[in-house]
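J.: This is a predicted model, with the sequence first.
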Amino acid sequence: SQGTLSFEGQGKIDGFVAQTIKQAQILTVDEAHNYLNTKAKRAQVLLRNLADHVLLFTATPINRSASDLLCLVNILGADNFDPGVIERFNRWLRMDVKSMRAAREEQLEELKNEIARFTVRRTKRELNRLVDLQPAAYLNKHNVPCRYPKHQAIPYSTGESDEAIEIGQRIRELSEQLKGVAYITGGIDQSAFFNSEGALIEPEAVFKRRLGMAKRSAIYQIMSHLRSSKASAYAHIAGVRATAEFFGFEAKDGSGHGGMIPKLEEQNSPPGVNLPEELNGDCDVPEWLVDQDAYNLACESEIRIYREVVAQLERLDNSRELAKLGMIETLFSVSAPLGVIAFDRHPITLLYLRHLSEKEVMLSGVKLLRASGDSTKTERKKVDLYLNNENELKRNVLALCSDAMSEGYNLQNASVVVHLDMPSV
């Protein structure tokens, strides 16, 4: 499990899991694309395996870069590969930048082909065909054949009022006035002024790219959170505690963002710019990046804009959130018990929707559960208890879930997944 291995590195469980991986003869890894960062704790634990047989499962493309391919080689065991291929690849990694670029495609293609010898690709259609050929060989405990269900994607209206749309447009206008000061915290060092071949980049181009990225990040984060819910946008800017206090529901500190305004209020020095000696200081550096007074003014301006956004959010009605809840409510009009998973990556949105459903007396007769990164183990187990197919579904169940439930659980009693936000995959 990805979560278990991540916690192992933080000392939250004992070394039993790590020791088991070391001693395993057969190691199977689901969602293998999550282990490509060799510096991550979970990958470090996995790389220490001594298994005779390793099976990696993923539905996500993973042969994207040299580092991805190398990590796959390490997990599968380099001794399983053609020594000549590995030696040529290592020699390529030791080349100078120019030679490396020239041979890049050839070397990556050779390593991909080597990894392909260990790859078995199966589509959902192929697996369903195998089940159809021998249905009795794929029965679950309820004597029902296990197969991928037919996928019916149905869009739904989010039902914003005209006033809400106008406020949303005003928030967009305000967000475009931000510089993104909070997104440049580590400074701009000398390496930013050189390309991959070591050639000097025009300073104006460097500043334009970095400041442009910061500005776009500031805009994107506000609009992305607003798309989820007004409570999520409020938390992104003012923090979770201020959000819970304003909207009137309980929230844990782990339920979302600490807040852009508090973050800006805590930042007390400009990020700085470390120019290469070749430039001899002969370029125009945006003043707020290096001057304390200019930086203070920039932070104050950002805070003022963020507070204007908060004021707009406080005027925003609940039409979007109520439309989503109303649509979910209609799903339970069928007579048979129904399991529904409503997914959003922002835990604060899930809290707010639960609060609204209680306040507006919606979803009566439906067992309402919530499981996200800030949920307790008991809360996540309760979702699993109702929606895994070990137990028969006997009542209507709605599980409000975040990314925390996307791996390690088989919630096959759910027949409907509602994306409350745009799906990330």
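T.: Arrived safely, thanks for sending.
J.: Check which residues of stretch 330-343 are buried.
T.: Neighbour counts over stretch 330-343 (16 or more other Cβ atoms under 10 Å) mark 331-332, 338-343 as buried. Yep, even glycine has a C-beta here, placed from its N, CA and C like the rest.
J.: Of those, which pair is most distant in space?
T.: Greatest spacing in the buried residues of stretch 330-343, by Cβ to Cβ: Phe332 and Phe343 (17.2 Å).
J.: follow-up on the earlier one: which ones among the buried residues of stretch 330-343 map onto helices?
T.: Leu331 (DSSP state H).
J.: need the helix or strand of the protein with the lowest average pLDDT.
T.: Ranking every helix and strand in the chain by mean pLDDT, DSSP states H and E puts helix 2-8 at the bottom, with a mean of 58.
J.: What's the separation between Gln44 and Ala18?
T.: Gln44 sits 9 Å away from Ala18, going by Cβ to Cβ, to the nearest Å.
J.: Between these two, tell me which one has more neighbours.
T.: Ala18 (19 against 16; other Cβ atoms under 10 Å).
J.: For the more buried one, which non-adjacent residue is spatially closest?
T.: Leaving out its chain neighbours, the residue that sits closest to Ala18 by Cβ to Cβ, 6 or more residues apart in numbering is Val45, at 5.1 Å.
J.: quick one on the thing from earlier: and which of the buried residues of stretch 330-343 is nearest to Glu358?
T.: Taking Cβ to Cβ as the measure, Ala342 is the one of the buried residues of stretch 330-343 closest to Glu358, at 15.2 Å.
J.: From Glu308, how far out is that closest one?
T.: For Ala342 relative to Glu308 (Cβ to Cβ), the value is 31 Å.
J.: swap in Leu393?
T.: Leu393 is 47 Å from Glu308, by Cβ to Cβ.
J.: my guess is Leu139 meets Asn389, correct?
T.: No. Judged on Cβ atoms under 8 Å, Leu139 makes no contact with Asn389 at a distance of 11.8 Å.
J.: out of these two, which sits in the more crowded spot?
T.: Relative neighbour count places Asn389 above the other of Leu139 and Asn389, with 17 against 12, counting by other Cβ under 10 Å.
J.: where does the more buried one land in three-state SS?
T.: On the three-state scheme (DSSP: H, G, I helix; E, B strand; the rest coil), Asn389 is labelled coil.
J.: nearest residue to it other than its sequence neighbours?
T.: Closest to Asn389 by Cβ to Cβ, 6+ apart is Gln412, at 4.1 Å.
J.: Any idea how many residues pack against the one you found?
T.: With other Cβ under 10 Å as criterion, Gln412 counts 16.
J.: same question, Phe249
T.: When neighbours are defined as other Cβ under 10 Å, Phe249 has 17 of them.
J.: With Phe194 instead?
T.: 14.
J.: now Pro262
T.: For Pro262, using other Cβ under 10 Å, the count is 16.
J.: mind listing what the nearest residue to it once chain neighbours are set aside touches?
T.: Among residues not flanking Pro262 along the chain, Gly239 sits closest, at 5.4 Å (Cβ to Cβ, 6+ apart). Residues in contact with Gly239 (Cβ atoms under 8 Å, 6 or more residues apart in numbering) are 257-259, 261-262.
J.: Please repeat the previous calculation with a cut-off of 10 Å.
T.: Residues in contact with Gly239 (Cβ atoms under 10 Å, 6 or more residues apart in numbering) are 245, 253, 256-263.
J.: can you check Ser99 too?
T.: Ser99 neighbours (Cβ under 10 Å, 6+ apart): Trp92.
J.: Distance-wise, check it relative to Ser67.
T.: 19 Å.
J.: Same question for Ala311.
T.: According to Cβ to Cβ, Ala311 and Ser67 sit 45 Å apart.
J.: excluding its backbone neighbours, what's nearest Leu393?
T.: Leaving aside its sequence neighbours, Leu393 sits nearest to Asn413 (Cβ to Cβ, 6+ apart; 4.4 Å).
J.: hey, where'd the strands end up in the stretch 201-350 of the chain?
T.: With DSSP state E, counting those that start in this stretch, the ranges of strands along the stretch 201-350 of the chain come out as 339-343.
J.: residue ranges of the helices in it, please?
T.: In the stretch 201-350 of the chain, the segments counted as helices under DSSP state H, counting those that start in this stretch are 203-228, 230-238, 240-247, 260-266, 292-315, 319-331, 347-359.
J.: Single out the most deeply packed of those.
T.: helix 230-238 (a mean of 28; mean count of other Cβ atoms under 10 Å).
J.: Run the chain-centre distance for that helix.
T.: 18 Å (Cα atoms, centre = their mean, to the nearest Å).
J.: Packing partners of it?
T.: Under the contact criterion of 3 or more Cβ pairs under 10 Å, 6 or more residues apart in numbering; DSSP states H and E, helix 230-238 touches helix 162-175, helix 203-228, helix 240-247, helix 260-266, helix 292-315, helix 319-331, helix 347-359.
J.: any idea of the angle the last one forms with helix 240-247?
T.: Counting by axes from the mean of the first three to the mean of the last three Cα atoms, to 10 degrees, helix 347-359 points 20 degrees away from the direction of helix 240-247.
J.: Can you pull the poorly scored residue ranges out of this protein?
T.: Residues of the chain meeting the criterion pLDDT under 70: 1-15, 61-64, 96-98, 100, 103, 196-197, 253-256, 280-282, 423-425.
J.: let's go with 50 and repeat that
T.: Applying pLDDT under 50 to the chain flags residues 8-10, 12-13, 425.
J.: got a list of what His225 touches?
T.: 231-237, 256-257, 313, 346, 348-349, 421.
J.: Likewise for Lys141?
T.: 389-391.
J.: That one in helix, strand or coil?
T.: Assignment for Lys141 (three-state DSSP): coil.
J.: Quick check: it vs Ile341, distance?
T.: In terms of Cβ to Cβ, Lys141 sits 21 Å off from Ile341.
J.: What of Gly187?
T.: The gap separating Gly187 from Ile341 is 43 Å, by Cβ to Cβ.
J.: now swap in Gly212 and tell me
T.: Relative to Ile341, Gly212 is positioned 38 Å away (Cβ to Cβ).
J.: swap in Leu279?
T.: Applying Cβ to Cβ to Leu279 and Ile341 gives a distance of 54 Å.
J.: Same check on Val334?
T.: Noted for Val334: a distance of 16 Å to Ile341, by Cβ to Cβ.
J.: about what we covered before: pick out whichever of the contacts of His225 sits closest to Pro149.
T.: Asp421 (22.7 Å).
J.: follow-up on the earlier one: nearest to Arg125, of the helices and strands packed on helix 230-238?
T.: Closest approach to Arg125 among the helices and strands packed on helix 230-238 is made by helix 319-331 (27.1 Å; Cβ to Cβ).
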